[in-house]
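With the input below, show me the fold.
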Amino acid sequence: MKYILPTIGIIAASALFAFSNSNQQAVAVEKSKQEQTFEQLDLMADVMARVKSGYVVPVDTSDLIDDALNGMLQGLDPHSSYIPPDKFDDMQINTSGEYGGLGMEVTMEEGVVKVISPIDDTPAKKAGIKAGDYLTAVDGKSIIGLSLDDAVNLMRGKPGEPITVTVARKGEDPQDITMVRAIIKRIPVKFRVEDGIGYIRISQFNEKTASSLKTAYEGLKKKFGGKIPGVILDLRGNPGGLLEQSIKVSSDFLDGGEVVSTRGRNKEDNQHFNAERGQLFKNIPVIVLIDGASASASEIVAGALQDRGRALIVGLTSFGKGSVQSVIPLNGGRDGALRMTTARYYTPAGRTIQGTGITPDVAISYAHEDEKAKLLRESDLPHAIKNENGAEDKTDTEKQEVEYPPKDFNIKDDYQLKRAIEILKSGQYKKLLMEANKDK
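Numbering: from 1, shown residues only. This is a model prediction of the structure:
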């Protein structure tokens, strides 16, 4: 017994020494990391000073800093960036639904501007700009190597001004396409009766989308004299937009319940978003059309209606943009802001959209099998965030059997829409929807 206290003392002293030593090591490691950071910042300052003093032409320090910040953020993923103070107005323009320009969604790929999708009824769409086109020059001036913001600013301008864009398209010689800038009023929702079925086209999720969808519903109801027999919701080529609008649109087809959830590195980034009760399109059969250019908010709507068994999804696998960007003002906005990826989107069933997209219940191509072209996908973008479940981004032909239009079918007649109408009118809808939902 007499050895117990000394033994405890020795153990305690040893533990204290070990803790103290471990703590000192941790402090040393942290100090070493801080020293490395300061050394790297010194390196950046040294490089900037040498560029300022020795570059072939004078350069502006603020431009160098902006480019450095953008390089750092865009090295993380293609959707993170630095927003200078004078670009806040542009951000508001992008969501308000009106600006002066050509009308196309673009991204950057290896220093070249690449078209994701032209917007309906805009100069770009009317001039024949296509998804997958590379834009290499504006009015004869190369835009290769410019930041995406700088390239976009060159294409925007006063309505009525002409602009010539050099387009490089796979398998063709580069061509100059001249357009006239216009006020791009993004009318996000259009509707019509197509062969006895209600057709609703949503081209983007801006501030006017949800209210425009209600107008479309009332318009179709009036055209059908009260009862709408079925609806085709066309989200093809829809690049996305505002999250809140995708939830409101989903609410028109769902009677409450989850639409989408977000999960991030921090618990405060984890949220669940539910539809409002009292769906607008109650008891109306719905087919949603998607393709490789359906992204972000359009994938949220398609994924929610698919997981909840509310609609049959037809077309081709969507773009796969399943990340959430937060805008973080710097110094109250006086120093601009960060647009930074902070979370991922998940469908009601817990599926991640990132890098994989939404796979249709019925895969139907718009083109003949020997004419199909691979569209730009999220997973093709430089530094795209990987799917955290390790899921591979495969084409539709690898995932499921794809139906192609007959050889003698005119592609301009829209085979996907034609088949969606046939499914609704032939009675196949209920059977296909049941098959799609049997494993859910």
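
Tell me which stretches of the stretch 101-250 of the chain form helices.
123-126, 148-155, 209-223, 243-251 (DSSP state H, counting those that start in this stretch).

what is the mean pLDDT for the shortest one?
Okay, so that is helix 123-126. Helix 123-126 shows a mean pLDDT of 94 in the predicted model.

Point out the most buried one among the helices of the stretch 101-250 of the chain.
helix 243-251 (a mean of 23; mean count of other C-beta atoms under 10 Å). In short, each C-beta sits where N, CA and C put it, glycine included.

mind checking how far the residue lying closest to Thr342 once chain neighbours are set aside is from Arg265?
Counting by C-beta to C-beta, 6 or more residues apart in numbering, Ser326 is the residue found nearest to Thr342 once chain neighbours are left out, at 4.4 Å. Using C-beta to C-beta, to the nearest Å, we find Ser326 at a distance of 12 Å from Arg265.

same deal with Gln36?
Taking C-beta to C-beta, one finds Gln36 at 23 Å from Arg265.

repeat for Thr341
10 Å.

Looking at these two, which is more packed in?
Set side by side, Thr341 and Arg265 show more neighbours around Thr341, with 19 against 10, by other C-beta atoms under 10 Å.

Show me what the more buried one is bridged to.
Taking DSSP bridges, one finds Gln325 as the beta-bridge partners of Thr341.

That one contacts Gly322, doesn't it?
No. Applying C-beta atoms under 8 Å as the test, Thr341 and Gly322 come out as separate, 10.5 Å apart.

Tell me which of the helices of the stretch 101-250 of the chain sits nearest to His79.
Nearest of these to His79, taken as C-beta to C-beta: helix 148-155 at 10.7 Å.

I'd like to know which elements the closest one is packed against.
strand 104-109, strand 134-138 (3 or more C-beta pairs under 8 Å, 6 or more residues apart in numbering; DSSP states H and E).

With distance to Met155 and mean pLDDT added, can I get the ones you listed in TSV?
Formatted as TSV, the helices and strands packed on helix 148-155 follow (distance: least, C-beta to C-beta, whole Å; pLDDT from 0 to 100):
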stretch	distance to Met155	mean pLDDT
strand 104-109	8	84
strand 134-138	6	96
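
With respect to Thr209, which of these lies nearest?
Comparing these by C-beta to C-beta, strand 104-109 comes nearest, at 15.3 Å.

so what strands line up beside that closest one?
strand 112-118 (antiparallel).

Can you point out the buried residues in the partner strand?
For strand 112-118, the neighbour count (16 or more other C-beta atoms under 10 Å) marks 112-118 as buried.

which one among the residues you listed gets closest to Val286?
Ser117 (22.7 Å).

Test my guess that that closest one contacts Met104.
Yes. Counting by C-beta under 8 Å, Ser117 touches Met104, with 6.9 Å between them.
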